[in-house]
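Colleague: Sequence first, predicted model second:
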Amino acid sequence: MKLRSKGQLTVPVEIREHLGLHEGDEVEFVVRGNAVQLVRAKSNRSHGRRTAARLRGRGTSGMSTDKIMELLRGED
């Protein structure tokens, strides 16, 4: 990994997948001597809330709210 001018690092996809990290997840760096360990930050949010936050704004059904409500309610 290469440290960018703004102090940013890109975590390789293999590591993100192994740790189950997604956009918006928080991580911590733990310094142990000359080594740094990347760990998932403890969060007050449940897994479900983190998933919902990550998906918020991504859904596109192409249907109006009224049409969706009709389908959910079984209205014809």
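Modeller: It's in.

Colleague: those strands in the chain, which residues are they?
Modeller: 27-32, 35-40 (DSSP state E).

Colleague: Adding mean pLDDT, write these out as a markdown table.
Modeller: Below are the strands of the chain laid out as a markdown table (pLDDT from 0 to 100):
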| stretch | mean pLDDT |
| --- | --- |
| strand 27-32 | 91 |
| strand 35-40 | 88 |
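
Colleague: JSON lines for those strands, including distance to Arg56 and mean neighbour count?
Modeller: No exception for glycine: its C-beta is placed from N, CA and C like everyone else's. Converted to JSON lines, those look like this (distance: least, CB to CB, whole Å; neighbours: other CB atoms under 10 Å):
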{"stretch": "strand 27-32", "distance to Arg56": "20", "mean neighbour count": "9"}
{"stretch": "strand 35-40", "distance to Arg56": "20", "mean neighbour count": "10"}
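
Colleague: of those, which approaches Leu19 most closely?
Modeller: strand 35-40 (6.3 Å; CB to CB).

Colleague: Any idea which of the strands of the chain gets closest to Glu70?
Modeller: strand 35-40 (41.2 Å).

Colleague: the inter-axis angle of that closest one versus strand 27-32?
Modeller: With axes from the mean of the first three to the mean of the last three CA atoms, to 10 degrees applied, the angle from strand 35-40 to strand 27-32 works out at 150 degrees.

Colleague: Direction included, what does strand 35-40 pair against?
Modeller: strand 27-32 (antiparallel) (DSSP bridges).

Colleague: How far off centre is the strand it pairs with?
Modeller: 19 Å (CA atoms, centre = their mean, to the nearest Å).

Colleague: that older thread, tabulate the strands of the chain (a markdown table), appending distance to Met69.
Modeller: Shown next, in a markdown table, are the strands of the chain (distance: least, CB to CB, whole Å):
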| stretch | distance to Met69 |
| --- | --- |
| strand 27-32 | 39 |
| strand 35-40 | 38 |
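
Colleague: Of all those, which one comes closest to Val11?
Modeller: Across the strands of the chain, closest to Val11 is strand 35-40 (CB to CB), at 7.0 Å.
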